[in-house]
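> predicted structure and sequence below. I'll ask about it afterward.
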Amino acid sequence: MKKIINILFISTFLIIIFSVGIISYVKDDRPISPVENRTLAQRPFIDPKTIVSGKFFKDFETYFADQIYGRDHILKAYTKEQLFLKRAIINDIVVAKNDWLLYEPSAAGIAYEEMDKSLANLKTLADETGVEVHFAAAPYKMNMLENIYPTFINEQLGIKRQQYFMSHLPSNVHGINLYQSYKEEFTQDQLETMFFKTDHHWNIDGAFIGYQKIINGLSDNSKIFKGKPLEKENMKMVCNHEAQFVGSLNQRLYSMVNTEGEKACYYEPFFDADHGKVSTKTWDGKVYNNIKDIYASGVNRKDTIMYGHLFTWDYPEIKFEYDNAPNDLHVLILKDSYGNPIQPFLAQHFSKTSILDIRHYQEKSIAQYVKDNKVDMILFVYNDSNLTGAMYEFVPKAK
């Protein structure tokens, strides 16, 4: 009887193992993991050379781990267990006091050489275009709130990188150092109200202050632009209190961290429909000409709401025009996602505003864009951890 039970147990185990393997192999492969925000490995091509070298088997192991049937259920169960055990780092996310979520610090060094390449590319862009170039470094949550990290985590290098980069900007690039300004002006408690707890971005409070400081910085540094920022006392805050806010960091934890108290809000009016026009082309070629389809498009959602629903998504290109602008300037804004909440406020200060996200815009070089569109000024709005890499390559990728 015992032998039969053992045989049944082993048979059942083998059936499960082989069934999972077969189902994983024959099902359609998923291209991305929305929870992990990364591309998943695809089935490797069978090649005698890679088989002999062993590369095929390593690639297949990675592929199988990414595409195994029920993978999300396995990871979710693991995440739930780790949260129950109060682990400090789960899925590369630091779970700090009071449900603050932060990215685990990178083990990489300061990366001076990579930053020097970025700085050299900025200088080349300013030289080639001949227009004013301003670089507004938005305060990255993990730099601004470094005190929230558990004490056992070593010193953060993000601030040192930021300080090096901003202190080495080319002479023809005007810097607007928001990190320094925020640190000088606000207490730690005030700074914590300016960022989402479960997302890696600033909220509308932090972003609107950033917008005001950018306009003031442009006015101080520019020879062609003068202006005063909008005041929030003249704005109305609109919030979504129904939907659950799904932050980018919490998404990595399957949204299992409490989001009560997250401020899913924006300010209006953010667009003057009587005098303004707006248009955007999405990644798949769709064109929108209604501001409600571009900014705060998901603010009335009832179930869940994300940063992109609340403000806007990382579209390749957005254009604003105002016929009542206080000047005839055309500004080109190059931005990452930290620039999304403040795009429409910045645009109200210029006759024409073009906004590019060069992670997705690949039609022409930035220098050519400036020339073709008669741009008068370039404004960067990058968070101050975004100091190297593809967003400093100002020519399209080779196809």
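Structure received.
> quick check: residue 46 vs residue 55, distance?
To residue 55, residue 46 is 11 Å away according to C-beta to C-beta, to the nearest Å. Placement of C-beta: from N, CA and C, glycine included.
> these two: who's more crowded?
Taking other C-beta atoms under 10 Å, residue 46 and residue 55 do not tie; residue 55 has more neighbours (13 against 9).
> and the one helix or strand residue 180 maps to, what's buried?
Applying DSSP states H and E as the criterion places residue 180 in helix 178-185. Of the residues in helix 178-185, 178, 179, 180, 181, 182, 183 count as buried by neighbour count, 16 or more other C-beta atoms under 10 Å.
> what of stretch 334-342?
So stretch 334-342, judged by 16+ other C-beta under 10 Å, has buried residues 334, 335, 336, 337, 338, 339, 340, 341, 342.
> picking that back up, who touches the helix holding residue 180?
Helix 178-185 is contacted by residues 136-140, 143-144, 159, 162, 166, 191, 194, 209-210, 213-214, 384 when judged by C-beta atoms under 8 Å, 6 or more residues apart in numbering.
> re earlier: tell me the one of the buried residues of stretch 334-342 nearest residue 113?
residue 336 (21.5 Å; C-beta to C-beta).
> so the closest one touches residue 385, yeah?
No. Using C-beta atoms under 8 Å, residue 336 makes no contact with residue 385, being 9.6 Å away.
> and the end-to-end length of stretch 139-153?
Counting by C-alpha to C-alpha, to the nearest Å, you get 21 Å between the two ends of stretch 139-153.
> how about it: buried residues?
139, 140, 141, 142, 143, 144, 145, 146, 148, 149.
> now do stretch 358-368
For stretch 358-368, using 16+ other C-beta under 10 Å, the buried residues are 358, 361, 365, 366, 367.
> run through this structure and note the low-pLDDT ranges.
Residues of the chain that meet the criterion pLDDT under 70 lie in 1-43, 45, 52, 54, 56-57, 59-73, 107, 154-155, 398-399.
> which residue is nearest the middle of it?
residue 337 (4.3 Å; C-alpha atoms, centre = their mean).
> and which of the buried residues of stretch 139-153 is nearest to residue 307?
residue 141 (11.9 Å).
> residues touching the closest one, list them.
102, 195, 196, 200, 201, 202.
> need the distance between the two termini of stretch 84-104.
19 Å.
> could you give me the buried positions within that stretch?
Under 16+ other C-beta under 10 Å, the buried positions of stretch 84-104 are 90, 91, 93, 94, 95, 96, 100, 101, 102, 103.
> domain parsing for this structure?
2-69, 112-392 (automatic domain parsing).
> just put the buried residues of stretch 334-342 in a markdown table and tack on secondary structure and distance to residue 285.
Formatted as a markdown table, the buried residues of stretch 334-342 follow (DSSP: H, G, I helix; E, B strand; the rest coil; distance: C-beta to C-beta, whole Å):
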| residue | secondary structure | distance to residue 285 |
| --- | --- | --- |
| 334 | strand | 22 |
| 335 | strand | 21 |
| 336 | coil | 22 |
| 337 | helix | 21 |
| 338 | helix | 26 |
| 339 | helix | 23 |
| 340 | helix | 21 |
| 341 | helix | 25 |
| 342 | helix | 26 |
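> now for the buried residues of stretch 84-104: which two are most distant?
91 and 100 (15.6 Å).
> in JSON lines, list the buried residues of helix 178-185 along with distance to residue 330.
Formatted as JSON lines, the buried residues of helix 178-185 follow (distance: C-beta to C-beta, whole Å):
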{"residue": "178", "distance to residue 330": "24"}
{"residue": "179", "distance to residue 330": "29"}
{"residue": "180", "distance to residue 330": "29"}
{"residue": "181", "distance to residue 330": "27"}
{"residue": "182", "distance to residue 330": "29"}
{"residue": "183", "distance to residue 330": "33"}
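> residues contacting stretch 89-104, please?
Stretch 89-104 has contacts (C-beta under 8 Å, 6+ apart) with 36, 75, 79, 82-83, 86-88, 141-142, 145, 148-150, 153, 197-200, 247, 249-250, 252-253, 257-258.
> go through those residues and flag which are in helices.
75, 79, 82, 83, 141, 142, 249, 250 (DSSP state H).
> which one (most neighbours) among the residues you listed?
Most surrounded of these: other C-beta under 10 Å gives residue 141, at 29 neighbours.
> and that residue, how close does it get to residue 227?
Applying C-beta to C-beta to residue 141 and residue 227 gives a distance of 28 Å.
> and the gap between the closest residue to residue 262 other than its chain neighbours and residue 354?
Excluding its sequence neighbours, the residue lying closest to residue 262 (C-beta to C-beta, 6 or more residues apart in numbering) is residue 245, at 4.1 Å. Per C-beta to C-beta, residue 245 is found 30 Å from residue 354.
> residue 324 too?
Counting by C-beta to C-beta, the gap from residue 324 to residue 354 is 19 Å.
> of the two, which one has the most company?
residue 354 (22 against 10).
> name the nearest residue to the more buried one, sequence neighbours excluded.
residue 332 (4.9 Å).
> parallel or antiparallel, which strands does the helix or strand hosting that neighbour pair with?
For residue 332, the element it lies in under DSSP H and E is strand 330-335. According to DSSP bridges, strand 330-335 forms sheet pairs with strand 352-356 (parallel), strand 377-383 (parallel).
> of those, flag the one that's most buried.
Ranked by mean neighbour count under mean count of other C-beta atoms under 10 Å, the strands paired with strand 330-335 are led by strand 377-383, which reaches a mean of 25.
> what does that one contact?
125-126, 129, 131-140, 214, 218, 222, 224-225, 329-339, 342, 346, 366, 370, 391.
> recalculate using a threshold of 6 Å.
By C-beta atoms under 6 Å, 6 or more residues apart in numbering, the residues outside strand 377-383 that reach it are 131-136, 138, 140, 331-336, 338-339.
> how many neighbours does residue 162 have?
Neighbours of residue 162 using other C-beta under 10 Å come to 22.
> in contact with it: list those residues for me.
So residue 162 contacts 179, 384 (C-beta under 6 Å, 6+ apart).
> how far away is it from residue 386?
In terms of C-beta to C-beta, residue 162 sits 10 Å off from residue 386.
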